[in-house]
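Got a sequence here, can you model it:
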Amino acid sequence: MTGEVPRFDDETGVPLNDAARHVVAKAKSRAGPAGDAAAAGAGKGVLHSVPDVDIAEGKWKYVQIELTAPGEEPKLVVRNTAGLAYHPDMYEAAMDALERQGLKQVRGRVIGGGRIEFYPKEKTCSIYGYSKTFGRAKGCNKKSAEIVEAAYPDHKVTWSDDGY
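Here you go, the predicted model:
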């Protein structure tokens, strides 16, 4: 599997090779312990430094990820990256970015995803659809819209579970 590029079916989102199956399995499972929740109140940990939203301008797929770190409460974040074609790619890019920042203790699990149309100049953001690879996640788009709205309070943020 080393060096194999993950491939997904364009219509169904189904993984087509071992590399793709590995990405999906990693994104669906917690890659480590959540930590001691009682210790979370002891101070601000590494998750506090992770932005709630990191999204690209334009129309792209997105994922909502639950991040965990030892001794901290889980944190939901919304992520996408311009130019990536699949939801698992969005997850991998988000987790790779955290690792490059030295946050190797942070683990992530995909809650769901869909599409985001984000236009900062117009101050609009629309969240809709679902991930064919990870399936529908009830409440994901609504919660993602709340997270984006908190990060961009001067933007009009809308959401829907319709569409793909």
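
what does the lengthiest helix in the chain contact?
Among the segments of the chain that qualify as a helix by DSSP state H, the longest is helix 87-100. With CB atoms under 8 Å, 6 or more residues apart in numbering as the test, helix 87-100 has contacts from 6, 8, 13, 15, 20, 23-24, 27, 50, 54, 60-63, 65, 67, 77, 79-81, 84, 106, 108, 110, 113, 131-134. C-beta here means a position set from N, CA and C on the backbone, and glycine is covered the same way.

and the longest strand along the chain, which strands flank it?
Assignment by DSSP state E gives strand 107-119 as the longest strand of the chain. Partner strands and pairing direction for strand 107-119 (DSSP bridges) are strand 58-68 (antiparallel), strand 124-128 (antiparallel).

export the first one as PDB, just CAs?
So that's strand 58-68. Taking C-alpha atoms only, strand 58-68 is exported to PDB below (Å, rounded to 0.1, in the frame of the first residue of the first chain):
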ATOM      1  CA  GLY A  58     -15.600  28.800  -3.500                       C
ATOM      2  CA  LYS A  59     -17.600  25.600  -3.700                       C
ATOM      3  CA  TRP A  60     -15.900  22.600  -2.100                       C
ATOM      4  CA  LYS A  61     -16.800  19.500  -0.200                       C
ATOM      5  CA  TYR A  62     -16.200  19.700   3.600                       C
ATOM      6  CA  VAL A  63     -16.000  17.500   6.700                       C
ATOM      7  CA  GLN A  64     -17.000  18.100  10.300                       C
ATOM      8  CA  ILE A  65     -14.300  16.500  12.500                       C
ATOM      9  CA  GLU A  66     -14.400  15.700  16.200                       C
ATOM     10  CA  LEU A  67     -11.000  16.400  17.500                       C
ATOM     11  CA  THR A  68      -9.700  14.900  20.800                       C
END
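
if we can go back for a sec, would TSV of the strands paired with strand 107-119 with mean neighbour count and mean pLDDT be doable?
Formatted as TSV, those follow (neighbours: other CB atoms under 10 Å; pLDDT from 0 to 100):
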stretch	mean neighbour count	mean pLDDT
strand 58-68	21	97
strand 124-128	21	98
